[in-house]
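Asks: Give me a model of this one.
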Amino acid sequence: MNEPPPPSLRLHFAASDRPEALAARDRLAARYGSVDTAEADVIVALGGDGFMLETLHAVLDRRTPVFGMNRGSVGFLMNEFEEDGLQERLAAAGRAVIHPLQMDAWTEAGQVHSGLAINEVSLLRQTRQSAKLRISVDDRVRLEELSCDGCMLATAAGSTAYNLSAHGPIIPLGAPVLALTPISAFRPRRWRGALLPHTARVCFEVLEPDKRPVSATADSLEIRRVTRVEVKERRDVALTMLFDAGRSFEERVLAEQFAS
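Replies: Take a look at the predicted model:
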């Protein structure tokens, strides 16, 4: 006896501002129907990796699963674009659950700004002068002075993004670790960063902030002229990305480590 097909999922289609993404959204919405985001079982994001991060931030309160299809320039977090069989793909898709980082940044003016980062929290020099940072982990100073262009703390999901470009390690999604990675370290020149338990609380103190101003970013949120930045994982916040069967995020991370 044949089992009945699974019920159709209610979809909301979101697109970046690229013409090909907008055109794809209109065609898919006409074909499959598109409900309001509050009613959707799945958000289908059409764009690149940057738009996937933007969409995940947009569903932080609802935590609706997001299935991305590549209509942008970079698509590591995206599935291949295909208009046919979307409901079947979604029914068979695997889930990847990610936890963002929380950034609390203090400025020279004494203000505190907070934000969540799905990929990484990064500190960057604002002028031609190198940044000087003191780094503490769980209230213990681990590096008295790092002279560098910057430094970042990356999640497993973000380890293949800016972190990888800065020669940081690729982290499997299920690994309970974070990557602390310097950006163009000048002194100590041989320091290549560290892998930290995901429970670690990391504090960056900016040394000589008047002479060597530093900005801090949590994904797209940028705070300038910071003096202190604290970062920790928000295990209480869980976001879900969907990937085609056989093309899991874990498989992509593994394949990336063998890429030439």
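Asks: Might you report the residue contacts of His167?
Replies: When contacts are counted by C-beta atoms under 8 Å, 6 or more residues apart in numbering, His167 touches Thr181, Arg192. Backbone N, C-alpha and C define where each C-beta goes, glycine included.
Asks: shaky segments in the protein?
Replies: Counting by pLDDT under 70, the chain shows low-confidence ranges at 1-7, 74, 260.
Asks: for the chain, what's the longest helix?
Replies: Taking residue count as the measure and DSSP state H as the definition, the longest helix of the chain comes out as helix 19-32.
Asks: which helices and strands does that one pack with?
Replies: Using 3 or more C-beta pairs under 8 Å, 6 or more residues apart in numbering; DSSP states H and E as the contact definition, the elements that helix 19-32 packs against are strand 11-15, strand 42-47, helix 86-92.
Asks: Out of the ones you listed, which is the most enclosed?
Replies: strand 42-47 (a mean of 26; mean count of other C-beta atoms under 10 Å).
Asks: rewinding a little: okay, the angle between the longest helix of the chain and strand 42-47?
Replies: In this structure, helix 19-32 runs at an angle of 150 degrees to strand 42-47, with axes from the mean of the first three to the mean of the last three C-alpha atoms, to 10 degrees as the basis.
Asks: Tell me which residues are up against helix 19-32.
Replies: For helix 19-32, contacts defined as C-beta under 8 Å, 6+ apart pick out 11, 13-16, 34, 44, 46-47, 51, 69, 71-72, 81, 83, 86-87.
Asks: Now do the contacts for Leu153.
Replies: Taking C-beta under 8 Å, 6+ apart as the definition of contact, the neighbours of Leu153 are Leu101, Glu120, Val121, Ser122, Leu178, Ala179, Leu180, Thr181, Leu196, Val202, Val231.
Asks: Now for the residues you listed: which two are most distant?
Replies: When the contacts of Leu153 are compared pair by pair using C-beta to C-beta, the farthest-apart members prove to be Ser122 and Leu196, with a separation of 15.4 Å.
Asks: Those two: which has the busier surroundings?
Replies: The neighbour comparison of Ser122 against Leu196 (other C-beta atoms under 10 Å) goes to Ser122, with 27 against 19.
Asks: Bridge partners for that one, pull those for me.
Replies: Taking DSSP bridges, one obtains Met152, Thr217 as the residues bridged to Ser122.
Asks: and it, what does it touch?
Replies: Gly150, Cys151, Met152, Leu153, Tyr162, Ile183, Ala216, Thr217.
Asks: Quick check: it vs Leu153, distance?
Replies: In this structure, Ser122 and Leu153 are 8 Å apart, going by C-beta to C-beta, to the nearest Å.
Asks: again with Glu233
Replies: Noted for Glu233: a distance of 9 Å to Leu153, by C-beta to C-beta.
Asks: Need the residues touching each of these two.
Replies: Applying C-beta under 8 Å, 6+ apart, one finds that Glu233 and Leu153 are jointly contacted by Leu101, Leu178.
Asks: Show me what stretch 106-117 is in contact with.
Replies: With C-beta under 8 Å, 6+ apart as the contact definition, stretch 106-117 has outside contacts at 57, 60, 100-105, 155, 158, 209-210, 217-219, 221, 223-229, 234, 237.
Asks: so of these, which ones are in strands?
Replies: Secondary structure of those is defined by DSSP state E; positions in strands are 101-105, 217-218, 221, 223, 226-229.
Asks: And for Gln87, nearest residue in space, chain neighbours not counted?
Replies: Here the nearest residue to Gln87 in space, its sequence neighbours aside, is Ser8; by C-beta to C-beta, 6 or more residues apart in numbering that works out to 5.4 Å.
Asks: Quick check: that neighbour touching Glu88?
Replies: No - contact criterion C-beta atoms under 8 Å: Ser8 and Glu88 do not qualify, at 10.2 Å.
Asks: hang on, the earlier thing: and the ones in strands among the contacts of stretch 106-117, which is closest to Ile171?
Replies: Leu101 (13.2 Å).
Asks: For that closest one, list each beta-bridge partner.
Replies: Counting by DSSP bridges, Leu101 forms beta bridges with Ala117, Glu233.
Asks: Mind telling me what element the residue lying closest to Ser130 once chain neighbours are set aside is part of?
Replies: Nearest-residue entry for Ser130: Ser147, 5.1 Å, with adjacent residues in sequence omitted and distances by C-beta to C-beta, 6+ apart. With elements delineated by DSSP states H and E, Ser147 resides in strand 140-148, which encompasses its position.
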